[in-house]
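Peer 1: Structure of the sequence below:
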Amino acid sequence: MDEEDRMTLEQELIPKRYFGCTWETFKGDRPPMVKALELWRGEGEPICCITGPAGTGKTHMAVATVLRWIAARGYGARFLVVPEWLQEIKGGFHDGRSNELLYRARTAKLLVMDDLGAELATDWVQDTVYSVINHRYNELLPTVVTTNLNLSELSSKYHDRLASRLASGLVVNTKALPDRRLGG
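Peer 2: Numbering: from 1, shown residues only. Got it, this is the predicted structure:
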């Protein structure tokens, strides 16, 4: 893949604010779990859950992971912001796009689900999110989830099955990192 193709792909996947978020641009000390994510390849531990307070670099880490994946493997990564993705699925009920959006999330070679828990966890939301995570868990497909919720809160908001699957792989907690948006 040439540099122009790579840049186009990155711009299609990643929100503009996060262009340039790489492991090299991640500032500050990296606790051992953050270092583990930097080396994570999605093999053996296909699921990675990044938890912690707002502004601690969870999305930066997820984007850096996607960019490293693209550099090593080329196409096949998908980045989605969970509340926006769920709205797209709902909008797709009218024009038939819903199944395609679910299929893409279930089958991406690498899926990043950013901001899980920022949405209202209705029964439909719980079932939809669980169906994607469960499929990817069962098929050993690399998945990175970012959330402000800890595993206990995820268990309460969704259910134990979802939290258990997310806890089965690498869990990175960023609570010790400063809020970057507030100048930390």
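
Peer 1: So what does Gly169 look like in phi/psi?
Peer 2: phi -110, psi -140 (degrees, to the nearest 10).

Peer 1: correction: Ser164
Peer 2: According to degrees, to the nearest 10, Ser164 has phi -60, psi -40.

Peer 1: show me the residues around it that make contact.
Peer 2: By CB atoms under 8 Å, 6 or more residues apart in numbering, Ser164 lies in contact with Ser155. (Glycine included, C-beta is placed from N, CA and C.)

Peer 1: and what of Leu162?
Peer 2: Gln126, Val129, Tyr130, Ile133, Asn134, Leu154, Ser155.

Peer 1: again, only this time at 10 Å
Peer 2: Leu116, Ala121, Gln126, Val129, Tyr130, Ile133, Asn134, Tyr137, Val145, Leu151, Leu154, Ser155 (CB atoms under 10 Å, 6 or more residues apart in numbering).

Peer 1: For these, work out which two are farthest apart.
Peer 2: Ala121 and Tyr137 (18.8 Å; CB to CB).

Peer 1: Among these two, which residue is more densely surrounded?
Peer 2: It is Tyr137, of Ala121 and Tyr137, that has more neighbours when counted by other CB atoms under 10 Å, with 20 against 16.

Peer 1: For the more buried one, which non-adjacent residue is spatially closest?
Peer 2: Arg165 (4.5 Å; CB to CB, 6 or more residues apart in numbering).

Peer 1: What strand or helix carries that neighbour?
Peer 2: helix 160-167 (DSSP states H and E).

Peer 1: One more: Leu111?
Peer 2: Counting by DSSP H and E, Leu111 is found in strand 110-116.

Peer 1: List the strands paired with that strand, with their directions.
Peer 2: The pairing partners recorded for strand 110-116 under DSSP bridges are strand 77-81 (parallel), strand 143-147 (parallel).

Peer 1: what is the mean pLDDT for that strand?
Peer 2: Averaging pLDDT along strand 110-116 gives 95.
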